[in-house]
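what's the 3D shape of this:
(chains A and B)
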Amino acid sequence: MDQYTLNLLVVGASFALYIGIAIWARAGSTSEFYAAGRGVHPVINGMATGADWMSAASFISMAGLIAAVGYDNSTYLMGWTGGFVLLAMLLAPYLRKFGKYTVPEFIGDRFYSPTARMVAVVCLIVASVTYVIGQMTGVGVAFSRFLEVKSSTGLYIGAAIVFMYAVLGGMKGITYTQVAQYCVLILAYSIPAIFISLQLTGTFLPQIGLFSEHTASGQPLLVKLDQIVTDLGFSSYTGHHQSTLDMFLFTMSLMIGTAGLPHVIVRFFTVPKVADARYSAGWALVFIAILYTTAPAVGAMARLNLLNTISDNGAQPDGIDYAGRPDWMKNWEVTGLLKFEDKNGDGKIQFYNDKSEAFAATATEKGWAGSELTVNNDIMVLANPEIANLPGWVVALVAAGGLAAALSTAAGLLLAISSAISHDLIKGQLNPNISEKGELLAARISMAVAIAVATWLGLNPPGFAAQTVALAFGIAAASLFPALMMGIFSKRINNKGAVWGMLSGLIFTLVYIFVYKGWFFVPGTNQLPDNAANWIFGISPLSIGSVGAVVNFAVAYVVSSATDEPPVEVQDLVESIRIPKGAGAATGH
Amino acid sequence: MADKSSSNAYWAANVRLIMINLIIWFVVSFGFGILLRPMLSGIAVGGTDLGFWFAQQGSIFVFMIQIFVYAMMMNKLDAEHGVEE
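Here you go, the predicted model:
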């Protein structure tokens, strides 16, 4: 059976499974549509949260990001997992106790302010829409690479699948498809990683393989990797090369951004009890950690494999002959993820750091005229099975895994967006007397419209589409997380404090991003060049969310202290969300 | 609410537990993984040092253990103060 047929079979089987779940898990009420009837087992919810959280970026790009620079990009690993500690202790149990359906609804009730609720709705929509575009383009790209269809066709197919289970089943359908998608994506990620770890280190678990001996050289894997990359003029893999302050703030922004992202928070509304919400966050992190502790091993091993392939394990220091390159390089050149340009015309592949001034003299001496291979980071995961000579079904599984990661996150985001529209805007503002049936219909229509808009944006990605980390995490960190936390941990923060706090954090963060990235990301409208020399105290626009959060906390505290304290019923609300007792009654169904 | 003082004690105990956990959370990631890494460079782990291990793996393991321990201790605390569901 050829590779194309295999890919088609495996991806087709996974899609048939998702559709089967869609038909089985239909939602009959708003409680089922928004919160899966609050009957999801904490372990199952943990697994669904894992798929909800791990996006196309986690699956396809993260290992490559780590591979490219090594230690300095540990920020992603710590940042995207550490947020779950905050979620488990500072937000999830209390918001579950609150017992309503959306994040803006809590902000609106706790700060007794429709304005606060609307600010939260706007933040939610901007963050989630930016995030969802990346997933939709990810679906298109995965289709075009593995199934040889146009990426627009792939996008339509992906959107149709999401439409089936999200519109019919709402949170209920999404939950059970996410469980299936988690299983697909974690198998697709682990199997190639285990084989590569066995090949390079003889160790079964990649987590241990990363810190084991590289069998071929007899040196520890990381020592070998450090030596090879520094010999080619790159910075050492395990060394610390970037600003410590920026690394600190970036990690913090990712952590509090993770905790403040609405599509993750609402997953914890689906479990039966407050105690379940706490455990469920632990399970979510276990399922996420299986991938997140594998990723650094995949990154290091894939980079070592790539460099060893190009130098034929050091036997050809000037690079292997281009004509005799392995088949997987040919395959990935077709996709454009790998590009070769013979700059010095010697027919061999030289791959080194041509930006390093210190290495320039060595390169000239060797007769090298610039690095000849352009490598897209995503290849570290996508081409892994081929580099390791794994059977065709593993390649097909990686295709299905990438699609599962993108679709599961897209569905979670679309639910957060459509609930904000049907529950916060329509039921909360425009038509408070809408019936249960009417709201369920409104929720389904909002979901259908959100899918259509996301598909259109996926086909015509706007300038801000590539700014998921800056926009989604920046906004969640600077506006939503502080407001939620203060709403639970302080009885003194009032409506004015919350609104001014959220707006100051948001505007501060956006202005800092726009100054370097362009106003509304329009190219050429930035006041300062986006590089470390121009950043204030070396803080990159991606890391500014955590500073925005501090601004939010400070403004909210000062404004609240200068104005009246919240009414008694609001203080009672805070008292009641702090204790688990009575969570069942609060859901009101 | 007759049990106001009990619920205040419950909340204070919860906040104390969270503070301890956030200190651990901070020390393993921002501490061992970033700020204190130079001080730990003498401790070798599989071809590199302890700080690298904490940054790429160790902190994630600690995070997981923390959440489960917190959830268990809170169940106990809920029962002690009679606020469990």
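
now the strands for chain B?
B:44-45, B:48-49 (DSSP state E).

The first one: partners in the sheet, and parallel or antiparallel?
Looking back up the chat, that one is strand B:44-45. Applying DSSP bridges, strand B:44-45 is found paired with strand B:48-49 (antiparallel).

CSV please, covering the strands of chain B and showing mean pLDDT and mean neighbour count.
Quick note: C-beta positions are derived from backbone N, CA and C, even for glycine. Output for these, formatted as CSV (pLDDT from 0 to 100; neighbours: other CB atoms under 10 Å in any protein chain shown):
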stretch, mean pLDDT, mean neighbour count
strand B:44-45, 93, 14
strand B:48-49, 96, 22
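
quick one: the spatially most central residue of chain B from A:Phe481, how far?
Taking CA atoms, centre = their mean, the centroid of chain B lies closest to B:Asn21, which sits 2.7 Å from it. Counting by CB to CB, to the nearest Å, the separation of B:Asn21 from A:Phe481 is 17 Å.

before we move on, the earlier item: right, so of the strands of chain B, which gets closest to A:Gly402?
Across the strands of chain B, A:Gly402 has its closest neighbour in strand B:48-49 (30.0 Å, CB to CB).

Tell me which residues are up against that closest one.
The contact list for strand B:48-49 (CB atoms under 8 Å, 6 or more residues apart in numbering or on different chains) reads A:211, A:220, A:222-223, A:238, B:37, B:40-43.

hmm, try it at 10 Å
A:70-71, A:210-211, A:220-223, A:225-226, A:236-239, B:37-38, B:40-43, B:55-56 (CB atoms under 10 Å, 6 or more residues apart in numbering or on different chains).

For PyMOL, write a command that selects the buried ones of those.
Filtering the contacts of strand B:48-49 down to the buried ones (16 or more other CB atoms under 10 Å in any protein chain shown) takes a single PyMOL command:
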select buried, (chain A and resi 70+71+210+211+220+221+222+223+225+226+236+237+238) or (chain B and resi 37+40+55+56)
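
Narrow the contacts of strand B:48-49 to those in helices?
Among the contacts of strand B:48-49, the members found in helices (DSSP state H) are A:221-223, A:225-226.

tell me the contacts of A:Met69?
That one is not Met; residue A:69 is Val. Each residue near A:Val69 by CB under 10 Å, 6+ apart is listed here: A:234-235, A:237, A:239, A:241-242, A:299, A:377.

what residues are up against residue 43?
I went with chain A, as the question did not name one. By CB under 10 Å, 6+ apart, the contact list for A:Val43 reads A:179, A:271, A:276, A:279-280, A:282-284, A:286-287.

oops, I was thinking of chain B
B:Ile43 touches B:49-51, B:53, counting by CB under 10 Å, 6+ apart.

TSV for those, including distance to A:Ser560?
Converted to TSV, those look like this (distance: CB to CB, whole Å):
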residue	distance to A:Ser560
B:Asp49	45
B:Leu50	43
B:Gly51	40
B:Trp53	43
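
Now rank the residues you listed by neighbours and give me the top one.
Comparing these by number of neighbours (other CB atoms under 10 Å in any protein chain shown), B:Gly51 comes first, having 26 neighbours.

A:Ser561 contacts A:Trp500, correct?
No. Applying CB atoms under 10 Å, one finds A:Ser561 not in contact with A:Trp500, separated by 11.9 Å.

Which one's more surrounded, the two?
Applying other CB under 10 Å to A:Ser561 and A:Trp500 shows that A:Trp500 carries more neighbours, namely 17 against 12.

Quick check: A:Gly402 is in a helix.
Yes. Using DSSP: H, G, I helix; E, B strand; the rest coil, the secondary structure at A:Gly402 is a helix.

what sits against it?
By CB under 10 Å, 6+ apart, the neighbours of A:Gly402 are A:11, A:56, A:59-60, A:138-139, A:141-143, A:145-146, A:184-185, A:188-189, A:378, A:381-382.

pLDDT weak spots in chain B?
Within chain B, the ranges that satisfy pLDDT under 70 run B:1-3.

residue boundaries of the helices in it?
Ranges of helices within chain B are B:4-26, B:50-53, B:59-80, based on DSSP H.

Which of these sits closest to A:Ala193?
Closest to A:Ala193 of the helices of chain B is helix B:59-80 (CB to CB; 15.7 Å).

I'd like to know which elements the closest one is packed against.
With contacts defined as 3 or more CB pairs under 10 Å, 6 or more residues apart in numbering or on different chains; DSSP states H and E, helix B:59-80 has these neighbours: helix A:74-86, helix A:92-98, helix A:274-292, helix B:4-26.

Of all the residues in stretch A:33-43, which ones are buried?
Under 16+ other CB under 10 Å, the buried positions of stretch A:33-43 are A:33-38, A:40, A:42-43.

One more: stretch A:428-440?
By 16+ other CB under 10 Å, the buried positions in stretch A:428-440 come out as A:428, A:434, A:439-440.
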